[in-house]
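Colleague: Fold the following.
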Amino acid sequence: MSQHEFPPWEPPFAGTEVEHLLGSLDRLRATFRWKADGLDAAQFGTRLTSSALTVGGLVKHLAAQEDYSSAVKVAGGEMPAVWHENGWDGDDDWEFTTGAVDPPEELYGLYDAAVERSRATIAATIAERGLDGDSGVTLDDGTRASVRRILFDLLEEYGRHTGHLDLVREAVDGRTGEDPPPDWRA
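Modeller: Numbers count the residues shown, from 1 in each chain. Okay, here's the model as predicted:
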């Protein structure tokens, strides 16, 4: 890689607000996916002694958050059909508990597909409304949150859970690092 070639997840050094925001989100997505990559079922379900978090639970949670944030909160629509039989009944942490035992291949596919749907929905919504446009979130007083606000919330969600994944992954097999290697692909 030359001095001016960057991996595809690196945000631009000089770009528009949209490019910086979506570039930062993609960088966290890539880091999260890399941290979760290449594990077997036992590793996906490994817990730290002080926490119920697992790699599998975090992957499933962020897959659900991708779809919820983009389809419902950004665009104002409904969750994709893949989530209709989701297990929310009586368990607010269903994605964490079921993700700890779901097969890794299923979870990688679920997450990767959710990210692709989210990218498409967010791009279409920004093209239609811009970052200042109304999202699907309405406050009690009738005020609508901007698309920008919801995207920053998703960025924050990734920041928090990528930090959690750092700790869990290091405990599983010692993988550390801030970014994927430049040639890594999911």
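
Colleague: use CA for all of it now, contacts and neighbours both
Modeller: Will do.

Colleague: In contact with the closest residue to residue 104 other than its chain neighbours, which residues are there?
Modeller: Take residue 104 and drop its neighbours on the chain: the residue closest to it by CA to CA, 6 or more residues apart in numbering is residue 41, 5.8 Å away. Neighbouring residues of residue 41 by CA atoms under 8 Å, 6 or more residues apart in numbering: 101-104.

Colleague: how about the lowest-mean-pLDDT helix or strand in the chain as PDB, C-alpha atoms only?
Modeller: When each helix and strand of the chain is scored by mean pLDDT, DSSP states H and E, helix 94-99 comes last, with a mean of 92. Extracted in PDB, the C-alpha atoms of helix 94-99 (Å, rounded to 0.1, in the frame of the first residue of the first chain):
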ATOM      1  CA  TRP A  94     -32.900 -11.900  23.700                       C
ATOM      2  CA  GLU A  95     -30.200 -11.100  21.100                       C
ATOM      3  CA  PHE A  96     -27.500 -11.400  23.600                       C
ATOM      4  CA  THR A  97     -28.700 -14.700  25.100                       C
ATOM      5  CA  THR A  98     -29.600 -16.400  21.800                       C
ATOM      6  CA  GLY A  99     -26.500 -15.000  20.000                       C
END
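
Colleague: what helices or strands is it leaning on?
Modeller: helix 55-67 (3 or more CA pairs under 8 Å, 6 or more residues apart in numbering; DSSP states H and E).

Colleague: which residue is nearest the centroid of the protein?
Modeller: With distances taken as CA atoms, centre = their mean, the residue of the chain nearest its centroid is residue 62 (4.3 Å).
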